[in-house]
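Chemist: what follows is a predicted structure for the sequence shown.
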Amino acid sequence: MTAFDTANGYAESGGRDLGYHNLARSTAAGRYGITATTWGGLMRNYPDLGLSWDNRLDPSANQRAHSALTTENTNTLRRNGVANPTSADGGLAAVLGPAGPTARPTAGADEAAVGVQT
């Protein structure tokens, strides 16, 4: 487990291998808070990882999924001009999607920050 894995896991779940985070508001689950949509995509794109709906809460499967997602985000950042992505870039990509660190804020002083993320 890398320092980024540890920091991301702590931010998402306090570093614990949780079940579902908050079913009333999200489908995020496991140490890294991977949503159902993302998990499904990882199952399709990486069949060799052995991910399934049945092992979604398994810590080992969650780690494999997070590693694949981190690699995807790093590769996308590089394609978008971030030659040496940092852990901060990876964190932004985990929260905002891989384009997050390369997006340019356009909000005015009186505009909500959440509008910049979309």
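Modeler: Perfect, thanks for sending it.
Chemist: relative to Arg25, how far out is Ala68?
Modeler: 25 Å (CB to CB, to the nearest Å). In short, each C-beta sits where N, CA and C put it, glycine included.
Chemist: what's the neighbour count on Thr86?
Modeler: Counted with other CB atoms under 10 Å, residues neighbouring Thr86 total 12.
Chemist: if I look at it, how far off is Ala61?
Modeler: 27 Å.
Chemist: now the element after the helix of greatest length in the chain, going C-ward?
Modeler: Determined from DSSP state H, the single longest helix within the chain is helix 59-79. The C-terminal neighbour of helix 59-79 among helices and strands, as given by DSSP states H and E, is helix 87-96.
Chemist: lowest confidence element among the helices and strands of this structure?
Modeler: Ranking every helix and strand in the chain by mean pLDDT, DSSP states H and E puts helix 114-117 at the bottom, with a mean of 42.
Chemist: apart from its neighbours in sequence, what residue is nearest the spatially most central residue of the chain?
Modeler: Most central in the chain under CA atoms, centre = their mean is Ala94, positioned 3.4 Å from the mean C-alpha point. For Ala94, ignoring the flanking residues on the chain, the nearest one in space by CB to CB, 6 or more residues apart in numbering is Asn8 at 5.8 Å.
Chemist: could you report the neighbour count for the one you found?
Modeler: Asn8: 23 neighbours (other CB under 10 Å).
Chemist: now the element after the helix or strand hosting it, going C-ward?
Modeler: Using DSSP H and E, Asn8 maps to helix 3-13. As assigned by DSSP H and E, the chain's next helix or strand after helix 3-13 is helix 36-45.
Chemist: elements contacting that next one?
Modeler: The contact analysis (3 or more CB pairs under 8 Å, 6 or more residues apart in numbering; DSSP states H and E) places helix 36-45 against helix 59-79.
Chemist: counting by contacts, list what the helix it packs on packs against.
Modeler: helix 3-13, helix 36-45, helix 87-96.
Chemist: what's in contact with the second one?
Modeler: Under the criterion CB atoms under 8 Å, 6 or more residues apart in numbering, residues Thr27, Ala29, Ile34, Leu49, Leu51, Ser52, Trp53, Arg56, Ala65, Ala68, Leu69 lie in contact with helix 36-45.
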